[in-house]
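In: give me a 3D structure for the following:
(2 chains)
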Number of protein chains: 2
Amino acid sequence: MQPGACVIGIDIGGTTTSLGIVDRQGGLIAGTTVATQPQQPADVLVSRLCETIEQVRATSPSQTGIAGIGIGAPNANYYRGTVENPPNLNWGATVNLVELCRQRYDLPVAITNDANAAALGELLFGGARGMKHAIVITLGTGLGSGIIVNGGLLYGADGCAGELGHTIVDPAGRECACGKRGCLETYVSATGLCRTVSELLAHRRETSPLRDVSFSHLSSKQVYEAACVDDPIALAAFDTTARILGMKLADAVAHTSPEAIFLSGGLAAAGDLLLAPTRHYLEEFLFTSYKGKVQLHRSELQEGNGAVLGAAALAWNEVDKLSFDSALGTD
Amino acid sequence: MQPGACVIGIDIGGTTTSLGIVDRQGGLIAGTTVATQPQQPADVLVSRLCETIEQVRATSPSQTGIAGIGIGAPNANYYRGTVENPPNLNWGATVNLVELCRQRYDLPVAITNDANAAALGELLFGGARGMKHAIVITLGTGLGSGIIVNGGLLYGADGCAGELGHTIVDPAGRECACGKRGCLETYVSATGLCRTVSELLAHRRETSPLRDVSFSHLSSKQVYEAACVDDPIALAAFDTTARILGMKLADAVAHTSPEAIFLSGGLAAAGDLLLAPTRHYLEEFLFTSYKGKVQLHRSELQEGNGAVLGAAALAWNEVDKLSFDSALGTD
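Out: I've put the predicted structure just below:
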């Protein structure tokens, strides 16, 4: 790897795919987006991405050397290099995206899911820098998570460790898209917050502008705005969300004992409206040995670039691992 | 380290301390027990242990070389080498047991809690041999756990990872000795099983010999014996225990994605009365990605020697780590 080289970070979404050239310090040298065109096969997207990469490289300030490629994608498996049954992409059962990229670039290429990439981004470029043990939670439509142990991302036996969104809050609770009941993400996520508002509207009697919005039209942004002007239903919804999140984060601490937990994604943008009560409940639910020892922060990665930086962190991680293996003679 | 060397495994309990000379394959060459005498200071116990070790070595078949010492103890911290506020030992706030041993033996010495030692024992000598990711649950008076990730024991940021006994089943649930409510070990443990019987006796109407035993006198052994002759209350208690254990093990899988989970300790001796329904509920509560991929077994370490073998595994682990560090030149 030549000094001063960069990596490519790619974040594949159902509608838009973002990519960026990222340096060793997490600086975004250049970036752009392409339409994912989810009805097209995966190799069409890969071809268009490669063209775009070359265009971006050609126009970037210095002719940048590329050391590796990292990809964040839904339902991605790091061990197999595959995307499997992606819900919003018409790619069939299994696509080996790593292989498709390697046919075009003779470079280290790795793939993982969005939340794992976010965790690596936090570890390499964000608030978890220098930490050995941390957890990153992404709060969007669902709840994703990536777990850092011993200074690296935990993949587990099958490449799928860190699915905290599907730990169980209440086995008789809310129906989850996964087919189970009471999963954490049915309570703690943008949609979970709205479901909690709906429950509170039924349970309590306070007047609230939220009573005039249909379930279908309610957004977490509206709940946030109502909470900012002290709407009691919206405030209670954030408190309920924080209590459940704090309780399940205390469970997570009892598993891997992190130094810190980071919240990222849309709902984390609510800031102290969510973070302050979550800190309070987390501390309340922590087992004695952990009390006062676990920090809770908002992600330090910029909202817009977080996913691309995460994917770039995955690429750097792969580049470093290969250098280490080759130094040890195990390459 | 000379070939054919052994290690010393020591398991410190509130009443009895067991120790053994253990070879590389987990064979117990020689073993004995000493009274812990919990009212005496820790250095008195260490002196008596050292004398006993020398006696055992002198009388063991071959004059065995000792490569290291591993200790399993309640409230032990691996990173600090300490035992901190042990509930049943009059040792004060903090005793550095590793230092006390090193004053007598110029060898690698390490300490961890009993459940972590059990997990290392399973990894080196038991059913988890060759696995990269596994979880070991010890079911005694309480519920302990040790988590294996990437082929090694997970200690976490503060040396205290893997306290699944204090994850929360119900935040409004049973009072736990730790001061919280609804901790897993208040439901799933020898005492948890008896508490469940007490609840079922109140809730249901079936006749049962368990109605004639006071809460204070009821033991998990009695519940087991009643279940063996199809007592409906005892059977329901095992089913409830298995359902809660299965649910929380599914949560644990969503954290670290193990290949297998092993149950050890007194309650695991109930065998399929506990294991069969736990397997069923675990599978029911697992997130889609994990279904059909996680084995649940009883520990392969013999009940009586398990703790000493676990402590010996910790010693071997330390010996191997030091050899690896020294080969890398980082010693």
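In: can we go C-alpha only for contacts and neighbour counts from here?
Out: Noted.
In: where does chain A dip in pLDDT?
Out: Applying pLDDT under 70 to chain A picks out residues A:1-4, A:61-63, A:328-331.
In: so which residues of it form helices?
Out: In chain A, helices defined by DSSP state H lie at A:42-59, A:97-102, A:114-125, A:190-203, A:220-228, A:232-256, A:272-285, A:306-328, listed in chain order.
In: is chain B contacted by the last one?
Out: No. Residues of helix A:306-328 are not located near chain B by CA under 8 Å from any CA of the partner chain, the shortest gap being 9.0 Å.
In: for that helix, C-alpha coordinates in CSV please.
Out: Extracted C-alpha coordinates of helix A:306-328, given in CSV (Å, rounded to 0.1, in the frame of the first residue of the first chain):
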residue,chain,number,x,y,z
GLY,A,306,-21.6,8.5,8.3
ALA,A,307,-22.6,5.5,6.1
VAL,A,308,-19.9,6.2,3.5
LEU,A,309,-17.2,6.7,6.2
GLY,A,310,-18.3,3.5,7.9
ALA,A,311,-17.9,1.6,4.6
ALA,A,312,-14.5,3.3,4.2
ALA,A,313,-13.5,2.2,7.7
LEU,A,314,-14.4,-1.4,6.7
ALA,A,315,-12.0,-1.0,3.7
TRP,A,316,-9.2,0.4,5.9
ASN,A,317,-9.7,-2.4,8.4
GLU,A,318,-9.4,-5.0,5.6
VAL,A,319,-6.3,-3.3,4.2
ASP,A,320,-4.7,-3.3,7.7
LYS,A,321,-5.6,-6.9,8.4
LEU,A,322,-4.0,-8.0,5.1
SER,A,323,-0.8,-6.1,5.9
PHE,A,324,-0.7,-7.6,9.4
ASP,A,325,-1.3,-11.2,8.0
SER,A,326,1.4,-10.6,5.4
ALA,A,327,3.9,-9.3,8.0
LEU,A,328,3.2,-12.5,10.1
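In: so what does it touch, helix or strand wise?
Out: When contacts are defined as 3 or more CA pairs under 8 Å, 6 or more residues apart in numbering or on different chains; DSSP states H and E, helix A:306-328 packs onto strand A:6-12, strand A:16-22, strand A:66-72, strand A:109-112, helix A:114-125.
In: and the gap between the residue lying closest to A:Leu235 once chain neighbours are set aside and A:Ala110?
Out: Distances taken as CA to CA, 6 or more residues apart in numbering or on different chains put A:Ala227 closest to A:Leu235, at 5.1 Å, once the chain neighbours are dropped. To A:Ala110, A:Ala227 is 41 Å away according to CA to CA, to the nearest Å.
In: next one: A:Pro209
Out: 47 Å.
In: the two: who's more crowded?
Out: A:Ala110 (30 against 12; other CA atoms under 10 Å in any protein chain shown).
In: that one: what's it in contact with?
Out: A:Ile69, A:Gly70, A:Ile71, A:Tyr78, A:Gly81, A:Val98, A:Leu314, A:Ala315, A:Glu318 (CA atoms under 8 Å, 6 or more residues apart in numbering or on different chains).
In: quick check, nearest of those residues to chain B?
Out: Using CA to the nearest CA, the shortest approach to chain B within the contacts of A:Ala110 belongs to A:Tyr78, at 13.6 Å.
In: how close does the closest one get to A:Asn116?
Out: Taken as CA to CA, the span from A:Tyr78 to A:Asn116 is 10 Å.
In: who has more neighbours, those two?
Out: A:Asn116 (35 against 20).
In: can you tell me the closest non-neighbouring residue to A:Gly146?
Out: A:Gly146 sits nearest to A:Asn116 (CA to CA, 6+ apart), 4.3 Å away.
In: report how many residues lie close to A:Lys132.
Out: 18.
In: dihedrals phi and psi, it?
Out: phi -100, psi -30 (degrees, to the nearest 10).
In: for it, give its distance to A:Ala260.
Out: Taking CA to CA, one finds A:Lys132 at 10 Å from A:Ala260.
In: is it true that A:Asp231 touches A:Ser208?
Out: Yes. Counting by CA atoms under 8 Å, A:Asp231 does reach A:Ser208; the two are 6.4 Å apart.
In: for A:Gly130, which non-adjacent residue is spatially closest?
Out: A:Leu123 (7.3 Å).
In: relative to A:Ser299, how far out is that neighbour?
Out: 10 Å.
In: can you give me the buried ones in stretch A:148-165?
Out: By neighbour count with 16 or more other CA atoms under 10 Å in any protein chain shown, stretch A:148-165 contains the buried residues A:148-165.
In: scratch that, stretch A:302-314 is what I was asking about
Out: Result for stretch A:302-314 [16+ other CA under 10 Å]: buried residues A:Gly306, A:Ala307, A:Val308, A:Leu309, A:Gly310, A:Ala311, A:Ala312, A:Ala313, A:Leu314.
In: quick one: contacts of stretch A:192-209?
Out: A:185-187, A:211, A:215, A:218-220, A:223, A:226, A:231-234, A:236-238, A:240-241.
In: who in chain A is up against chain B?
Out: A:132-133, A:147, A:149-150, A:154-164, A:166-168, A:178, A:180, A:247, A:250-259, A:285, A:287-289.
In: looking at the residues you listed, which are in strands?
Out: A:Ile147, A:Val149 (DSSP state E).
In: domains of chain A?
Out: Per automatic domain parsing, the domain ranges recorded for chain A read A:6-120+A:304-328, A:130-298.
In: pull the number of nearby residues for A:Thr52.
Out: Neighbour tally, A:Thr52, other CA under 10 Å: 17.
In: please apply the same query to the one 3 residues further on.
Out: Neighbourhood size, A:Gln55 [other CA under 10 Å]: 11.
In: tell me which residue of chain A is furthest from the middle?
Out: Distance from the centre of chain A peaks at A:Arg205, with 36.5 Å (CA atoms, centre = their mean).
In: neighbours of A:Glu300, how many?
Out: Neighbours around A:Glu300, by other CA under 10 Å: 16.
In: you'd agree it is up against A:Glu122?
Out: Yes. A:Glu300 is in contact with A:Glu122 according to CA under 8 Å; the separation is 7.1 Å.
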